[in-house]
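Trainee: Can you look at this prediction? I've put the sequence above it.
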Amino acid sequence: MSDEAPAGQESALNEFTALRAEIIARQNSQQGLLSIQLTAAGALFSLALSGAGRSAVLLILPLITYMLAGRHVSHSYACTNIGAYVRTRLSPRVGDGLGWEQWLVEHRTKASRSRSLNPLFITFPGISVLALLGSLPYLVTLRMSVTAVMLWAGRLAGVGLAWSAARLVWNVRGDSFLRSGPAEVEPMNR
């Protein structure tokens, strides 16, 4: 650093480095969550297809999906909030600014149809819907019993969880860089 550096610039750059490391760690966690989701879905669908009467195991997927989607979305919002902090609080403390976040705002493009299609819809709520559909043929064959009532209650809960996962993905999709670039205003804490 030169002697002419503005006061606090070195600490701002150190903070920026730490925040970039946090973003990278969160993105790696998101990749891990996607891998867990796809692995769980593959394993449970394989088990369900391996024998008659095993499709009820698919009713576990909406719960798993909802929990993993929630974690994935929380990492997305954390990264968005870090970016807003870098742009609004940290960049002004550095001589010429840090630039990246401001560049993204300046080069924001309108969403195209292909950019609006988010694969997270397939990865999270899509898998839940497939699981709920896959369990239906088995459930309709059940005679009235405590087990049948519990499985139907599980299916109903799964519908709610699939809907909730879809809402989570829809909300993060609306705020996503994939859709329209970064927001020009500081995002709300969610």
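Mentor: Cool, the structure landed. Numbering: from 1, shown residues only.

Trainee: need the helix or strand of the protein with the lowest average pLDDT.
Mentor: Scoring the helices and strands of the chain by mean pLDDT, DSSP states H and E places helix 177-180 at the bottom, with a mean of 44.

Trainee: Now do the top helix by length along the chain: which elements does it pack against?
Mentor: Counting residues, the longest helix found in the chain (DSSP state H) is helix 9-49. Using 3 or more C-beta pairs under 8 Å, 6 or more residues apart in numbering; DSSP states H and E, the elements in contact with helix 9-49 are helix 61-85, helix 127-140. Yep, even glycine has a C-beta here, placed from its N, CA and C like the rest.

Trainee: Mind doing that once more with 6 Å?
Mentor: helix 61-85 (3 or more C-beta pairs under 6 Å, 6 or more residues apart in numbering; DSSP states H and E).

Trainee: Identify each buried residue in the helix it packs on, please.
Mentor: 61-66, 68-69, 71-77, 79-80, 82-85 (16 or more other C-beta atoms under 10 Å).

Trainee: where does it sit relative to the chain's centre, distance-wise?
Mentor: 4 Å (C-alpha atoms, centre = their mean, to the nearest Å).

Trainee: what mean pLDDT does that helix have?
Mentor: Averaging pLDDT along helix 61-85 gives 93.

Trainee: do the same with stretch 131-144
Mentor: Averaged over stretch 131-144, pLDDT sits at 92.

Trainee: Show me which residues of it are buried.
Mentor: Within stretch 131-144, the residues that count as buried by 16+ other C-beta under 10 Å are 131, 132, 134, 135, 138, 139.

Trainee: now it, how far from the chain's geometric center?
Mentor: Centroid displacement of stretch 131-144 relative to its chain, using C-alpha atoms, centre = their mean, is 29 Å.

Trainee: So what touches it?
Mentor: Contacts to stretch 131-144, defined as C-beta atoms under 6 Å, 6 or more residues apart in numbering, come from residues 55, 56, 58, 59, 61, 148, 151, 158.

Trainee: In PDB, list the C-alpha atoms belonging to it.
Mentor: The C-alpha coordinates for stretch 131-144 follow below in PDB (Å, rounded to 0.1, in the frame of the first residue of the first chain):
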ATOM      1  CA  ALA A 131     -42.100 -38.000  -5.600                       C
ATOM      2  CA  LEU A 132     -45.700 -37.100  -4.700                       C
ATOM      3  CA  LEU A 133     -46.900 -38.400  -8.100                       C
ATOM      4  CA  GLY A 134     -44.800 -41.500  -7.800                       C
ATOM      5  CA  SER A 135     -46.300 -42.400  -4.500                       C
ATOM      6  CA  LEU A 136     -49.900 -41.900  -5.600                       C
ATOM      7  CA  PRO A 137     -50.500 -45.300  -7.400                       C
ATOM      8  CA  TYR A 138     -49.400 -47.100  -4.200                       C
ATOM      9  CA  LEU A 139     -51.500 -44.900  -1.900                       C
ATOM     10  CA  VAL A 140     -54.700 -45.400  -3.900                       C
ATOM     11  CA  THR A 141     -54.500 -49.100  -3.500                       C
ATOM     12  CA  LEU A 142     -54.300 -49.000   0.300                       C
ATOM     13  CA  ARG A 143     -57.300 -50.100   2.400                       C
ATOM     14  CA  MET A 144     -58.400 -47.900   5.200                       C
END
